[in-house]
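**Student:** Output the structure for:
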Amino acid sequence: MVDELSLSEGERRPLPRHKTLALLVGRITTIKLAYWAALTVIELALPRVLDRGFTERFPFSVALAAVKTLHAIVWARWQARVIDRRAGGIERGVATIATTFAAASVVASPGSLPLLLVERARSLEGCAAGMSCHLEAITVWVALFAVGFVLIPAVFAFSLRSSH
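**Tutor:** Residues are numbered from 1 along each chain as shown. Presented below is the predicted three-dimensional model:
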């Protein structure tokens, strides 16, 4: 069986096929969903861990988001280069880069909505009824959405192996 053949060093791996492109979409989608889920959990847990107001907690929130962003970038770079023995390697090309952005954005972007809801609640913390007084919470969400929507897929796409 073809699936049981081992590849020795230096042998050319198979070019992307449907299985490989599905693997690509699955990997980038998993990274983005895990990124936004982890940030949402952090934002929900932070007020319980740190018994402080929004203003005193906000620097911790930003620092933890930065650490999580770095983790997601490293994970995306690593996953782009991992060879799957059954599906083969994914070579960088216009089609794979476009697939990385298009499919992962459509599938994973709704995963950022729970974080938006949490940040919206944070923007109202300690404010007059119905008024936002911590717009930095919404600004952080916009920045984290941009990281997940653009930066993580870009790192993944440009970390794919070149055909040379």
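**Student:** thinking Phe54 is in contact with Cys127, fair?
**Tutor:** No. Using Cβ atoms under 8 Å, Phe54 is not in contact with Cys127, being 9.2 Å away. (Each C-beta comes from the backbone N, C-alpha and C, glycine too.)
**Student:** which neighbours do these two share?
**Tutor:** Residues touching both Phe54 and Cys127 (Cβ atoms under 8 Å, 6 or more residues apart in numbering): His134.
**Student:** More neighbours: those two, which one.
**Tutor:** Neighbour totals were compared for Phe54 and Cys127, and Phe54 leads with 19 against 12 (other Cβ atoms under 10 Å).
**Student:** Burial check on the closest residue to the more buried one other than its chain neighbours, number of neighbours?
**Tutor:** The shortest distance from Phe54 to any non-neighbouring residue, by Cβ to Cβ, 6 or more residues apart in numbering, is to Glu125 (4.5 Å). Applying the criterion other Cβ under 10 Å, we find 15 residues in the vicinity of Glu125.
**Student:** Find me the pLDDT at Glu125, would you?
**Tutor:** Glu125 carries a pLDDT score of 87 in this model.
**Student:** Who are the packing partners of the helix or strand containing Phe145?
**Tutor:** Using DSSP states H and E, Phe145 maps to helix 135-146. Applying 3 or more Cβ pairs under 8 Å, 6 or more residues apart in numbering; DSSP states H and E, we find helix 135-146 packed against helix 54-81, helix 113-124.
**Student:** Okay, angle between the shortest one and helix 54-81 too, please.
**Tutor:** Helix 113-124 runs at 160 degrees relative to helix 54-81, counting by axes from the mean of the first three to the mean of the last three Cα atoms, to 10 degrees.
**Student:** Contacts only, for the residue nearest to Arg120 when sequence neighbours are not counted.
**Tutor:** Of all residues not flanking Arg120 in the chain, Ile138 sits nearest, at 6.9 Å (Cβ to Cβ, 6+ apart). Contact analysis of Ile138 by Cβ under 8 Å, 6+ apart lists 119-120, 123, 132.
**Student:** that older thread, could I get the helices and strands packed on helix 135-146 in JSON lines, plus columns for distance to Thr29?
**Tutor:** Below are the helices and strands packed on helix 135-146 laid out as JSON lines (distance: least, Cβ to Cβ, whole Å):
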{"stretch": "helix 54-81", "distance to Thr29": "11"}
{"stretch": "helix 113-124", "distance to Thr29": "15"}
